[in-house]
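> need coordinates for the below:
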Amino acid sequence: QVQLVESGGGLVQAGGSLRLSCAASGRTFSNYPMGWFRQAPGKEREFVAGISWGGSRTYYADSVKGRFTISRDKAKNTVYLQMNSLKPEDTAVYYCAASRTQFGSVSMLPDGYDYWGQGTRVTVSS
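Prediction:
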């Protein structure tokens, strides 16, 4: 049974930092692109960051570029999202996702991912 489990969310003041983790089990995703998405109340799920299967290429939404960093540890089958300089508009439930295509490209669309975690809530107070 494939599982993606996010952790690291919480309540933080504006300007603060959080580090999200996504641990995969049930299969290895070392050859698959991974992504982070988020969904705020009343809004659609949106792409936040993605990392290539090799880990050398990263992609970010314009709204988080320069503040968030995605990385992966293949040995641990884990993906991370370091979030700095957090803003109230970053408040959302953050989801980890694994691509459906081995050795594929990073997708910025939810349809490009087959496996999803349950989400971790991030709340940034002003």
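> tell me where the protein has strands.
3-7, 10-13, 18-25, 34-39, 46-51, 58-60, 68-73, 78-83, 92-99, 113-116, 120-125 (DSSP state E).
> right, and Asn31 touches Ser99 too?
No: using CB atoms under 8 Å as the test, Asn31 is too far from Ser99 to be in contact (9.6 Å). For the C-beta atoms, the positions are set from N, CA and C on the backbone; glycine is no exception.
> need the residues touching each of these two.
Common neighbours of Asn31 and Ser99, counting by CB atoms under 8 Å, 6 or more residues apart in numbering, are Trp53.
> so which bits of stretch 104-114 are buried?
Within stretch 104-114, the residues scored as buried using 16 or more other CB atoms under 10 Å are 106-108, 110, 112-113.
> pull the most distant pair out of the residues you listed.
Spatial extent of those (CB to CB) is set by the pair Val106 and Pro110 at 12.8 Å.
> contacting residues around the nearest residue in space to Val64 that is not next to it in sequence?
For Val64, ignoring the flanking residues on the chain, the nearest one in space by CB to CB, 6 or more residues apart in numbering is Val48 at 5.8 Å. Val48 sits next to 35-38, 60-61, 64, 68, 81, 94 when contact means CB under 8 Å, 6+ apart.
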